[in-house]
Every structure is written in C-alpha cells, then in structure tokens.
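A.B. asks: Task: produce atomic coordinates for the following.
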Amino acid sequence: MPTKRRPERFPLRVIKGGFAPADSMAASRMRARGYHIGDLVFAEFKKPRNPRFHALAHALGTLICKNIEAFSHYDAHRALKRLQWESGVGCEEMAVMVGGTATVVRIPLSLSYESMEEGEFKEVMRGICRHVAETYWPGLEPEQIEDMATCMVGEE
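C.D. replies: Here you go, the predicted structure:
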C-alpha cells in the first residue's frame, strides 16, 4: 500500500486583499508547479509557531539523550519520537490486525515547524515533560524539565 504523501506547502505573506509568496524560493516552487495568476487553488492556512518553541523541542530531546541512559544512543529527534510513542501524546492511534487479533498502534505525528500549530505543540511538549517526570525522573515536576530544556535553548 503506498504511503500517503503530504501535499507541498508554500510559505505565503498576508498582503492587502490576499496572499503572496513569502520569498523568491516560494515563488519559484509555485511557478514550477504550474500555478498562475488567476488560478483557483484550495489552501490550508497555518500560522507557524514561534521559532523559540521549535528550538525548545530540540533542546528537550538533547536533554533527554544526555541525561537518561535509555536514550543515550538516540539523537534528539528519535528521543522525542520515542517519548511521543511511549506517552501517546501527539500520536494518532490506529487499529491493525496482528496474527488475527486487533491491536491498537500509536503513530507519532510530525512535530516539524510547519506541521503543528503552536497551541497543539505546547500541549505535546507539556505531555512529554509530564511523561518524563512520571517515568524517568519521578523527583522532578514537568515544569522543571521544561525549564531545564528552556535553559539549553541557544547552547547547542
């Protein structure tokens, strides 16, 4: 079964009465796809989250890799994916048949900058911090873990 491919997204800027490509790269990509002035297109609008939160996710993953033995051989991205899967936060669940038995599997959603809006991203990060506190660092509160990751932003 072929994998479902996410449609290409183009960064746009709000202009008076409409939207325009955010930069020359976006304009070039749109021309290459055959978009012309006056074309009717369907769009999904998402405002990208604060870049600081994007850095926070990487810092949290790095913090986990450096301080929890079970994650020492992971990179920050893989650590976050594993924590998403373990906690079920930021995951899609799907029932599959395994050996004739229905089983629910978790599929971590993309945390990429353009894929998840700020509010949902904050919920996922809080959920991951809560899971880490409950499972790996029971002596810490989730807010303390988030604070440690926040301190690491810019150090990498």
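A.B. asks: Could you give the secondary structure assignment for residue 10?
C.D. replies: For residue 10, the assignment made with DSSP: H, G, I helix; E, B strand; the rest coil gives coil.
A.B. asks: residues near the closest residue to it other than its chain neighbours, how many?
C.D. replies: If the residues on either side of it in the chain are set aside, residue 10 comes closest to residue 26, at 5.0 Å by CB to CB, 6 or more residues apart in numbering. Every C-beta, even on glycine, is put in place using the N, C-alpha and C of the backbone. Around residue 26 there are 16 other residues, counting by other CB atoms under 10 Å.
A.B. asks: show me the contacts for residue 26.
C.D. replies: With contact taken as CB atoms under 8 Å, 6 or more residues apart in numbering, residue 26 is in contact with 10, 11, 12.
A.B. asks: now those residues as a markdown table including pLDDT?
C.D. replies: Shown next, in a markdown table, are those (pLDDT from 0 to 100):
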| residue | pLDDT |
| --- | --- |
| 10 | 82 |
| 11 | 83 |
| 12 | 86 |
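A.B. asks: follow-up on the earlier one: continuing past the one helix or strand the residue nearest to residue 10 maps to, what's the next helix or strand?
C.D. replies: Assessed by DSSP states H and E, residue 26 sits inside helix 24-32. Next along the chain after helix 24-32, taking DSSP H and E as the criterion, comes helix 51-67.
A.B. asks: quick one: residue 75 from residue 20, how far?
C.D. replies: Distance of residue 75 to residue 20, given as CB to CB, to the nearest Å: 37 Å.
A.B. asks: So which of the contacts of residue 26 is surrounded by the most neighbours?
C.D. replies: For the contacts of residue 26, neighbours were counted by other CB under 10 Å; the highest total belongs to residue 10, with 17 neighbours.
A.B. asks: What count of nearby residues applies to residue 58?
C.D. replies: In terms of burial, residue 58 registers 18 neighbours under the definition other CB under 10 Å.
A.B. asks: And for residue 101?
C.D. replies: Residues contacting residue 101 under the criterion other CB under 10 Å number 7.
A.B. asks: how near is it to residue 95?
C.D. replies: With distances taken as CB to CB, residue 101 is found 10 Å from residue 95.
A.B. asks: cool, and residue 59?
C.D. replies: Here the distance between residue 59 and residue 95 works out to 35 Å (CB to CB).
A.B. asks: Could you dump the contacts of residue 26 into CSV with distance to residue 42 added?
C.D. replies: Shown next, in CSV, are these (distance: CB to CB, whole Å):
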residue, distance to residue 42
10, 13
11, 17
12, 13
